[in-house]
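Q: With the input below, show me the fold.
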Amino acid sequence: MKRPPIVVIMGSVDHGKTTLLDYIRKTNVAAKEAGGITQSVGAYEIEHSSTGSGQTQHITFIDTPGHEAFSKIKARGAHIADIAILVVAADDGVQPQTKEALKIIKESQTPFIVAINKIDRIPDTTKVKNELMQTGVLLEGYGGSVSYQALSAKTGEGINDLLDLILLAADVERLDFDPNHHASGIVLESTMDSRRGVIATLIITDGTLKTGDTIATATAQGKVRILENFLGKKVDSLSPSSPAVVIGFETLPKAGDPFHIGGAEEIKPIPKKAMRAVMSKEAKESNVNLILKADVSGSLEALTQVIKAIPTKQGQTLEIIEESVGDITDGDVKLALSTKSLIIGFRVSATKAAETLARAQNVKIVQSEIIYDLVKVAEETLLSIGKTMARGKLEILATFGKKAGKQIIGGKVTEGIISNNAALDIERKASVVGKGKIVNLQQSKKDIKSVPVGSECGMIFDTETEIKVGDILIQR
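A: Numbers count the residues shown, from 1 in each chain. Prediction:
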């Protein structure tokens, strides 16, 4: 039987891939993505009436991230797809990520169509066509056979023609399947839900997937307890090339792994293991130890990739103590505490218990919804590791002269805690200009032992350096 084509959308950041799908599906997916950037693989099914035949046919789209950190996910999407759409913006032209996407398409030997987007801004596509020709993409009419379509994902101009081209390319590929076969396909994504358990998004490439089927990958197995289509609607069965949401895996299947259906006797038992992929590594002083958390397995894969590429100081070794899918819990904080690790979370939240414990134990958690922002913050944090951390900082707000050769000053604690009799560094314009010691610490004219963050105090300070307003006193 003939099956619908599976199409992957690829291209550079901000060239309009998600906006194109957005228009096709008449939904607003872009608004739901942080920064308007797709950061996990999505699969969507549409119906299109061919201009030539008038026959309504299905097309399945896979949306892949454009950021370079997601190259493995993009490659996975290209290998799954029957046809690729390379989106190039008319105003931006061929970018490094365009070339990367093209390399993946060619390596996977996926037939592709070029979509020249944003012609509502730049109607003349000559520049883009010439740039594509220089990268080895010879379009029809430009000495080659690669089909292309100029369009505007904003206004919809040219999109129906693009869909016609996709169906034409699918006819050339002669895509088919056997409905009597046990279902098989690829795991697109997987995640852990606190209420529903393991949720896996699959693309079916052959056979029919049914509720109750025994399902397995190389590393996970289970039974299809709940089967949903891409709209989240419960169904009894799905056929190629449908995106399927399956609930019933006992453990997280790995994104990109093939899956198959069969009786229990056909599936070799897989040893049960904890959801967490723990890498037992001894915490060493020279190591920068990390615990990685992400919302889905594909995001975790990308996070691991970019974190491993972050430069460290000479003599340091970056060690991933654990990487797992799901929110940051107090268990993660306890592990971070015992291994002296930094927790990095991508598109996840920290539970209240985790936040409370992290604050109490001074465990650092770095989180972000956008991967390149996370990389920047994580890089800055990693580069700061190894410096002697401040127990407290106080900003000088006023000076009141001297008493018995010692200076009388006042300030506000901006970090941590400042203690009486503590030895402090004096920092001015980010440089340490001297040292001193607190002889007497007061608040409301009463002697005190310490001052917490956010509070003001006065002190008698013994130092040879003349204190100025704006100086920072640091307790190590």
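Q: which residues make contact with the strand or helix carrying Ala336 from outside it?
A: Assigned by DSSP states H and E, Ala336 belongs to helix 330-339. The contact list for helix 330-339, computed with Cβ atoms under 8 Å, 6 or more residues apart in numbering, reads 283, 289, 291, 293, 321-322, 341-343, 351, 353-354, 356-358, 361, 363, 365. Every residue, glycine included, has its C-beta placed from N, CA and C.
Q: chain center to stretch 371-382, what's the gap?
A: Offset of stretch 371-382 from its chain centre (Cα atoms, centre = their mean, to the nearest Å): 12 Å.
Q: wait, I meant stretch 161-178
A: Its chain's average C-alpha position is 32 Å from that of stretch 161-178, according to Cα atoms, centre = their mean.
Q: mind starting the numbering at 13 from now?
A: All right, first residue 13 from here; so that's stretch 173-190.
Q: quick one, strands of the stretch 113-262 of the chain?
A: For the stretch 113-262 of the chain, the strands defined by DSSP state E, counting those that start in this stretch occupy 124-129, 160-162, 196-205, 209-218, 221-222, 226-228, 233-240, 249-250, 255-261.
Q: pLDDT weak spots in this structure?
A: 38-54, 64-65, 76-90, 275-299, 325-328, 390, 393-402 (pLDDT under 70).
Q: do you know how far the residue lying farthest from the centre of it is from Asn452?
A: Distance to the chain centre peaks in the chain at Ala416, reaching 59.3 Å (criterion: Cα atoms, centre = their mean). With distances taken as Cβ to Cβ, to the nearest Å, Ala416 is found 11 Å from Asn452.
Q: how many other residues sit next to the closest residue to Gly244 other than its chain neighbours?
A: Once flanking residues are discounted, Gly244 sits nearest to Val257: 7.0 Å by Cβ to Cβ, 6 or more residues apart in numbering. When counting by other Cβ atoms under 10 Å, one arrives at 23 neighbours for Val257.
Q: residues touching Glu262, list them.
A: 210, 232-234, 284.
Q: Same check on Gln379?
A: Going by Cβ under 8 Å, 6+ apart, Gln379 touches 340, 356-358, 360-362, 386.
Q: mind putting those in CSV, neighbour count included?
A: Rendered in CSV, the data for the contacts of Gln379 read as follows (neighbours: other Cβ atoms under 10 Å):
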residue, neighbour count
Ile340, 24
Ile356, 28
Gly357, 24
Phe358, 27
Val360, 21
Ser361, 14
Ala362, 21
Leu386, 22
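Q: what packs against the helix or strand harbouring Gly448?
A: Here Gly448, judged by DSSP H and E, is contained in strand 443-455. Judged by 3 or more Cβ pairs under 8 Å, 6 or more residues apart in numbering; DSSP states H and E, strand 443-455 is in contact with strand 418-431, strand 435-440, strand 462-464, strand 468-475.
Q: can those strands go into TSV with extra columns for mean neighbour count?
A: As requested, the helices and strands packed on strand 443-455 are exported to TSV (neighbours: other Cβ under 10 Å):
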stretch	mean neighbour count
strand 418-431	19
strand 435-440	18
strand 462-464	17
strand 468-475	20
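Q: Tell me which of those lies nearest to Ile171.
A: strand 418-431 (54.0 Å; Cβ to Cβ).
Q: Just the angle for the closest one relative to strand 443-455, thanks.
A: Relative orientation of strand 418-431 versus strand 443-455 (axes from the mean of the first three to the mean of the last three Cα atoms, to 10 degrees): 80 degrees.
Q: Tell me the strands beside strand 418-431, with direction?
A: With DSSP bridges as the test, strand 418-431 is paired with strand 404-415 (antiparallel), strand 462-464 (antiparallel), strand 468-475 (antiparallel).
Q: The helix or strand that contains Ile356 to helix 342-351, inter-axis angle?
A: For Ile356, the host element (DSSP H and E) is strand 353-358. Strand 353-358 runs at 140 degrees relative to helix 342-351, counting by the same axes, to 10 degrees.
Q: Let's verify the residue most central in space within the chain: helix, strand, or coil?
A: In the chain, the centroid-proximal residue (Cα atoms, centre = their mean) is Ser311; its distance is 4.4 Å. Of the three states, Ser311 takes helix according to DSSP: H, G, I helix; E, B strand; the rest coil.
Q: Wait, it touches Val360, no?
A: No: Ser311 lies out of contact with Val360 (Cβ atoms under 8 Å); the separation is 9.0 Å.
Q: got a list of what Ser361 touches?
A: Ser361 neighbours (Cβ under 8 Å, 6+ apart): 339-340, 379.
Q: Switch those over to a markdown table, and while doing so, append distance to Ile21 and secondary structure to every line.
A: What follows is the contacts of Ser361, written out as a markdown table (distance: Cβ to Cβ, whole Å; DSSP: H, G, I helix; E, B strand; the rest coil):
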| residue | distance to Ile21 | secondary structure |
| --- | --- | --- |
| Asp339 | 29 | coil |
| Ile340 | 32 | strand |
| Gln379 | 28 | strand |
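Q: Contact partners for Gly422?
A: If you count contacts by Cβ under 8 Å, 6+ apart, Gly422 has them with 408-412, 468-471.
Q: what about Val434, neighbour count?
A: Just so we're on the same page, residue 434 is Ala rather than Val. Per other Cβ under 10 Å, the neighbour tally for Ala434 reads 19.
Q: Which residue is the nearest non-sequential neighbour of it?
A: Spatial nearest neighbour of Ala434, chain neighbours left out: Gln487 (4.9 Å); criterion: Cβ to Cβ, 6+ apart.
Q: and the one you found, how many neighbours?
A: 20.
Q: got it, and Glu331?
A: Neighbours of Glu331 (other Cβ under 10 Å): 17.
Q: these two touch, right, it and Leu304?
A: No: under the criterion of Cβ under 8 Å, Glu331 makes no contact with Leu304, lying 11.2 Å away.
Q: just to revisit the earlier point, rebuild the helices and strands packed on strand 443-455 as a markdown table, extending it with distance to Ala182.
A: Below are these laid out as a markdown table (distance: least, Cβ to Cβ, whole Å):
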| stretch | distance to Ala182 |
| --- | --- |
| strand 418-431 | 61 |
| strand 435-440 | 66 |
| strand 462-464 | 67 |
| strand 468-475 | 72 |
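Q: Kindly state which of these is positioned closest to Ile227.
A: Across the helices and strands packed on strand 443-455, Ile227 has its closest neighbour in strand 418-431 (51.9 Å, Cβ to Cβ).
Q: How far away from the center of its chain is the closest one?
A: Distance, centroid of strand 418-431 to centroid of chain: 41 Å (Cα atoms, centre = their mean).
Q: CA atoms only: put that strand into PDB for me.
A: Output in PDB follows, covering the C-alpha atoms of strand 418-431 (Å, rounded to 0.1, in the frame of the first residue of the first chain):
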ATOM      1  CA  LYS A 418      41.600  52.100  62.900                       C
ATOM      2  CA  GLN A 419      38.900  53.200  60.400                       C
ATOM      3  CA  ILE A 420      35.200  53.500  61.200                       C
ATOM      4  CA  ILE A 421      33.100  52.500  58.200                       C
ATOM      5  CA  GLY A 422      29.500  51.400  57.300                       C
ATOM      6  CA  GLY A 423      28.100  49.200  54.500                       C
ATOM      7  CA  LYS A 424      25.600  46.700  53.300                       C
ATOM      8  CA  VAL A 425      26.100  42.900  53.000                       C
ATOM      9  CA  THR A 426      25.300  42.000  49.400                       C
ATOM     10  CA  GLU A 427      26.300  38.300  49.500                       C
ATOM     11  CA  GLY A 428      26.500  35.600  52.200                       C
ATOM     12  CA  ILE A 429      27.400  36.700  55.700                       C
ATOM     13  CA  ILE A 430      30.000  38.900  57.300                       C
ATOM     14  CA  SER A 431      31.400  37.900  60.700                       C
END
